[in-house]
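*Asks:* what's the 3D shape of this:
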Amino acid sequence: MKRLLLISLFLAGLSFVGMGWAKPLPQEQSEPSLGDMAREQKAKKGQTANPGKVYTNDEVKNPLSISLPDKTWAVEIHAEGFTLTADDSAPGGKRRIMAIDEARGITISVQLEQVNHEPTLDECRQSQRDRVKAFTGKLQMRDIKYGDDGKMAFVEYFVPEYEGRPVRQNNLFACFSKENVFVDVHVSKIPFEPKDEEMLSAVMGTVYVAEKDAGSGSTSGPNSMELFRQGSLLYNKGRFRESIEPYQKALDLEKKDPKLERFFWRVLVDNLGMAYGITGDLNKAKETFDYGVSQDKTYPLFYYNLACTYAEMQDLDKAIANLKTAFENKQNGIPGERMPDPRRDDSFQRFMQNKKFRDLVDSLAGSSR
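*Replies:* Alright, predicted model coming up:
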């Protein structure tokens, strides 16, 4: 596992070197172990992390934060389970942090790059294409997928091996802008299996922009984002009933004063509706997904989860109608998401002996990828 983690760190570093990062990570052949780095002298409380040192969760304020000196905002990462492995600055208004969850083999990196104009979504889209082009022929990249949600541009690809060694690394990149700064986020996992898709999307969903407190340099996120993060911490631990209160408060705030990027808003609605459904409140689950559909009419998982809700209510016709709509819109999902196989979903098992339903889900499952 150590060897795979070192390769993961190296490949994550390559993702920024190819985009003009001035300080690449130390090359993998030096082979410092994470344990060796962790034994270096502890940072003093409040000290900024330096390249090459490892800081445990006790030594790093949660969430991790990255900002530029003249900005009133920061990009924050929920860092539970992660260890900070790099905090690098480069001339020209560039900064990058990297953290790793060794137990799960997940690496997350965030880079800020200041430019002389306000970047557009088209520029982010192009940067994702340039990223892939820079490594074509250098890395084996499979299953390359591009997308955006109107604010962020995404690319995802899979690296089966590196220098002849199997690594099975899946990579998800997001690019967006704030004022005159490009923000690039990279989440990767080694080794990757299809069942890990939701995990990577959840990690990506913990990255957000927060305003700094005046005079302190610290950050406190917008209320809806902070509540979203609190709900996600509980939800990702399987504490679904407890996640409902912060999620619902976040959604109520969003209805009055929208602050969340669409990527995070979709995750909020989706997770809240599922939390209601899992805990048996089907009416609230339906209400939540109905609201999601009313605001985002092409996002497929809102329809899919409505179909699950109707199935739990034993309404076959509405379950079928929403399943069809979900798969008709499957191209509009968040990059990294794949449509579930309804044949394996517990909510639909009661209908699997119905020929009409079985024929439908067999045809939908064949078109899910």
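
*Asks:* Could you measure from Glu113 over to Phe154?
*Replies:* 18 Å (CB to CB, to the nearest Å). C-betas here are computed from N, CA, C, even on glycine.

*Asks:* Can you tell me, leaving aside adjacent residues, what's nearest to the residue nearest to the spatial centre of the chain?
*Replies:* In the chain, the residue lying closest to the centroid (CA atoms, centre = their mean) is Met204, at 1.7 Å. Using CB to CB, 6 or more residues apart in numbering and skipping the chain neighbours, the partner closest in space to Met204 is Val187 (5.1 Å).

*Asks:* Tell me which helix or strand that neighbour sits in.
*Replies:* strand 181-189 (DSSP states H and E).

*Asks:* try Gln128
*Replies:* Residue-wise, Gln128 maps onto helix 121-135 under DSSP H and E.

*Asks:* now Phe173
*Replies:* Going by DSSP H and E, Phe173 is in strand 165-178.

*Asks:* And the closest residue to Met152 other than its chain neighbours, how close does it get to Val75?
*Replies:* Closest residue in space to Met152, ignoring its immediate chain neighbours: Phe176 at 4.3 Å, by CB to CB, 6+ apart. Counting by CB to CB, the gap from Phe176 to Val75 is 10 Å.

*Asks:* The residue nearest to Met204 and Asp345: what is the separation?
*Replies:* 26 Å.

*Asks:* ok, these two, which is more surrounded?
*Replies:* Val187 (27 against 16; other CB atoms under 10 Å).

*Asks:* Name whatever forms a beta bridge with that one.
*Replies:* Beta-bridge partners recorded for Val187 (DSSP bridges): Ile108, Leu172.

*Asks:* picking up where we left off before, which helices and strands sit right next to the strand holding Phe173?
*Replies:* Judged by 3 or more CB pairs under 8 Å, 6 or more residues apart in numbering; DSSP states H and E, strand 165-178 is in contact with helix 2-17, helix 121-135, strand 153-162, strand 181-189, helix 197-204.

*Asks:* To Ser109, which of those lies closest?
*Replies:* Set against Ser109 and scored by CB to CB, those come closest in strand 181-189, at 4.5 Å.

*Asks:* so the closest one versus helix 197-204, what angle?
*Replies:* 150 degrees (axes from the mean of the first three to the mean of the last three CA atoms, to 10 degrees).

*Asks:* For strand 181-189, what does the pLDDT average out to?
*Replies:* Across strand 181-189, pLDDT averages out at 93.

*Asks:* quick one: average confidence on the host helix or strand of Leu301?
*Replies:* Using DSSP H and E, Leu301 sits within helix 300-312. Averaging pLDDT along helix 300-312 yields 95.

*Asks:* just stretch 133-140 next, same as before
*Replies:* In this model, stretch 133-140 has an average pLDDT of 86.

*Asks:* Report the residue spans of the chain with pLDDT below the cut-off.
*Replies:* Applying pLDDT under 70 to the chain flags residues 1-62, 78-79, 213-223, 336, 366-369.

*Asks:* where along it do the helices fall?
*Replies:* Assignment of helices within the chain using DSSP state H yields the ranges 2-17, 34-38, 121-135, 197-204, 223-236, 240-256, 262-278, 282-295, 300-312, 316-328, 355-366.

*Asks:* which one of those lies closest to Gly164?
*Replies:* Here helix 2-17 is closest among the helices of the chain (CB to CB), at 11.5 Å.

*Asks:* Of all the helices of the chain, which one is nearest Gly105?
*Replies:* helix 2-17 (6.6 Å).

*Asks:* Give me the neighbour count for the closest residue to Pro342 other than its chain neighbours.
*Replies:* Residue nearest to Pro342 in three dimensions, not counting chain neighbours: Val361, with 4.4 Å by CB to CB, 6+ apart. Neighbourhood size, Val361 [other CB under 10 Å]: 22.
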